[in-house]
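Trainee: kindly generate the corresponding structure for this input.
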Amino acid sequence: MSARRSRTGAAALAALALLLMVGLTELYRLRFSSGDLYPYASSFRADPLGAKVLYESVRDLPGVVVERHQRPLADLAADRDTVVFLLGLRPADVELTPSPLLRAAEALAGRGARVVLVFAPLTGEVSPEPLERRASADEPDAARQPPGETRRRSPVWQLTTRRLALAARAEGVTEPAPATTARLELGLADLGLPGELLLHTDLTFASESLDDRARVIYRRSGEPVVIERTLGSGSVAVVADGFLFANEGLSRDRQTAFLAWALGEGRRVVFDEGHLGVEESSGVMVLARRYRLLPFLAVLAVLAGLFVWSAASGLLPAPPPAPAGSHLVAGGDAASGLAKLLARGLDPRELLPLCAERWAADCARGEKQATARVLELASQATDPVTGYRAIREALATLPLRKGDHAH
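Mentor: Down below sits the predicted model:
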């Protein structure tokens, strides 16, 4: 009964463990399918804050190859047929001097690629002053300018952002400034872009971001919000409002012509995830997924579970329980073992006659009288001990040669 209970308990425990594994797998599948574990603007996210709709839409275009880049941007190989999207940027990503992200984008554009920098929508009560990097105590003295002097333009392109002023209500609740529409610059109608774009951000670019290679595509309240800068055969497009590329934006206010302009003529489109912190590791599980070894690992896990189960509860049936009142038999020496063996194989009444026959064959030495007497006493004895004593007494009274007495 106890063996059956142990097997039932082991089976129930295995079933619960399997149910737990299935539940956790389903939970992680749901989380990863929605993508809310990934950062804002990630092409893995399927919720309104992600860019998976744009990723899958571009992937469905004929002749276009779409991929995700999950390593440092400097490791990306690009050419004239490549378009790189960097979505979900923050002003702090480009306002360092020099900005590593801008330098990497310019390097890609220098090789002929088109790089699209898209900033996350920003709203909130801020000062209308530009978010420029100010001289601090750890900057060299040459970088600090006395009041009234004009700072020289750096030979390295620097992207500077601004925030529009916000109108505050009496209750202290802020709302975006009234100007929410960006208008296409004059003379750019041949690009096929819409005349107006509805923006969902307060972010703009400062005039200091424009140089002889840059041109403004859209302005909002006189401030640039979409810029394109050419570098040789490549280009860098900068967009202030990432809502136009997000899943929610594509659902509510899809600007197909603007997205086509941002995409350009490249046949290879890369969505960079490394700048968002989504980087591909080189662990064992990554290699297992890449080479489709997960079913093999699942079979190994099942075999390991079966081995543990068989070791915990044997496959052979348990021995029957010992009867009540039984005791363990203590061990003994060789003589006791021989005695027990003889007791199992011989009837006590046959022991003495058999011993007498062996004595007559091996030790009698031709003493016919003694042999006959011993065989007679052995056959008449009812008890081996009593018969043995009688034989000893008879042999002691018979005239035998020296050494013929039984001991």
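
Trainee: and residue 204, what element?
Mentor: With elements taken from DSSP states H and E, the one containing residue 204 is strand 203-205.

Trainee: and that strand, what does it pack onto?
Mentor: If you count contacts as 3 or more C-beta pairs under 8 Å, 6 or more residues apart in numbering; DSSP states H and E, strand 203-205 packs onto strand 161-163, strand 223-231. Any C-beta I mention is one placed from the backbone N, CA and C, and that applies to glycine too.

Trainee: any idea which of these has the lowest pLDDT on average?
Mentor: Lowest mean pLDDT of those: strand 161-163, a mean of 86.

Trainee: and that strand, which strands flank it?
Mentor: Using DSSP bridges, the strands paired with strand 161-163 are strand 203-205 (antiparallel).

Trainee: next secondary structure element downstream of the partner strand?
Mentor: strand 214-220.

Trainee: thinking again about what came up before, just the residues contacting the strand holding residue 204, thanks.
Mentor: 91, 119, 121-122, 159-164, 220-221, 223-225, 227, 238, 240-241 (C-beta atoms under 8 Å, 6 or more residues apart in numbering).

Trainee: for the buried ones among the residues you listed, write the corresponding ChimeraX selection.
Mentor: Burial among these is assessed by 16 or more other C-beta atoms under 10 Å; the matching ChimeraX selection reads:
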select :91,119,121,122,159,160,161,162,163,164,220,223,224,225,227,238,240,241
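
Trainee: what ranges do the strands span in the stretch 1-150 of the chain?
Mentor: 65-69, 82-89, 114-119 (DSSP state E, counting those that start in this stretch).

Trainee: check the stretch 151-300 of the chain too.
Mentor: Under DSSP E, counting those that start in this stretch, the stretch 151-300 of the chain gives strands at 161-163, 167-168, 174-175, 181-184, 196-198, 203-205, 214-220, 223-231, 234-239, 268-272.

Trainee: adding distance to residue 356, write the ones you listed out as TSV.
Mentor: Formatted as TSV, the strands of the stretch 151-300 of the chain follow (distance: least, C-beta to C-beta, whole Å):
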stretch	distance to residue 356
strand 161-163	122
strand 167-168	128
strand 174-175	124
strand 181-184	128
strand 196-198	125
strand 203-205	121
strand 214-220	128
strand 223-231	122
strand 234-239	119
strand 268-272	106
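
Trainee: and the strand holding residue 204, average pLDDT?
Mentor: 91.

Trainee: and the nearest residue to residue 70 once chain neighbours are set aside, how far from residue 68?
Mentor: Leaving aside its chain neighbours, residue 70 sits nearest to residue 280 (3.9 Å; criterion: C-beta to C-beta, 6 or more residues apart in numbering). Residue 280 sits at a distance of 9 Å from residue 68 (criterion: C-beta to C-beta, to the nearest Å).

Trainee: ok, now residue 345?
Mentor: 84 Å.

Trainee: when the two are compared, which one has more neighbours?
Mentor: residue 68 (15 against 7; other C-beta atoms under 10 Å).

Trainee: any idea of the pLDDT on the more buried one?
Mentor: 94.

Trainee: surely it and residue 38 touch.
Mentor: No. The pair residue 68 / residue 38 is not scored as a contact, 11.0 Å apart, by C-beta atoms under 8 Å.

Trainee: shared neighbours, the two?
Mentor: residue 44.

Trainee: off-centre distance for the strand or helix carrying residue 336?
Mentor: Using DSSP H and E, residue 336 falls within helix 334-345. Put simply, helix 334-345 sits 67 Å off its chain's centre (C-alpha atoms, centre = their mean, to the nearest Å).

Trainee: and residue 158, how far is that from residue 38?
Mentor: Distance from residue 158 to residue 38, by C-beta to C-beta: 30 Å.

Trainee: residue 50 too?
Mentor: Counting by C-beta to C-beta, the gap from residue 50 to residue 38 is 7 Å.

Trainee: again with residue 335
Mentor: Noted for residue 335: a distance of 83 Å to residue 38, by C-beta to C-beta.

Trainee: other residues contacting stretch 272-283?
Mentor: 38-44, 68-73, 76, 84-89, 93, 101, 286.

Trainee: ditto for stretch 208-224
Mentor: So stretch 208-224 is contacted by 132, 153, 157-160, 162, 164, 177, 179-185, 188, 191, 193, 197, 199, 204-207, 225-231, 237-238, 240 (C-beta under 8 Å, 6+ apart).

Trainee: now, of those residues, which are buried?
Mentor: Judged by 16+ other C-beta under 10 Å, buried ones among the contacts of stretch 208-224: 157-160, 162, 164, 177, 182, 184-185, 193, 197, 199, 204-206, 225-229, 231, 237-238, 240.

Trainee: okay, buried residues for the helix or strand residue 376 falls within please.
Mentor: Using DSSP H and E, residue 376 maps to helix 368-380. Judged by neighbour count using 16+ other C-beta under 10 Å, the buried positions of helix 368-380 are 370-371, 373-375, 377-378.

Trainee: packing partners for that helix?
Mentor: helix 348-362, helix 384-397.

Trainee: ok, residue 46 touching residue 52?
Mentor: Yes. At 4.7 Å, residue 46 and residue 52 qualify as touching, with contact defined as C-beta under 8 Å.

Trainee: next one: stretch 180-190 to chain centre, how far?
Mentor: 48 Å.

Trainee: between the two ends of that stretch, how far is it?
Mentor: Across stretch 180-190, the terminal residues are separated by 24 Å (C-alpha to C-alpha, to the nearest Å).

Trainee: quick one: average pLDDT of it?
Mentor: 90.

Trainee: for residue 374, give me its contacts.
Mentor: Neighbours of residue 374 in contact, by C-beta under 8 Å, 6+ apart: 356, 359-360, 364, 391, 394-395, 406.
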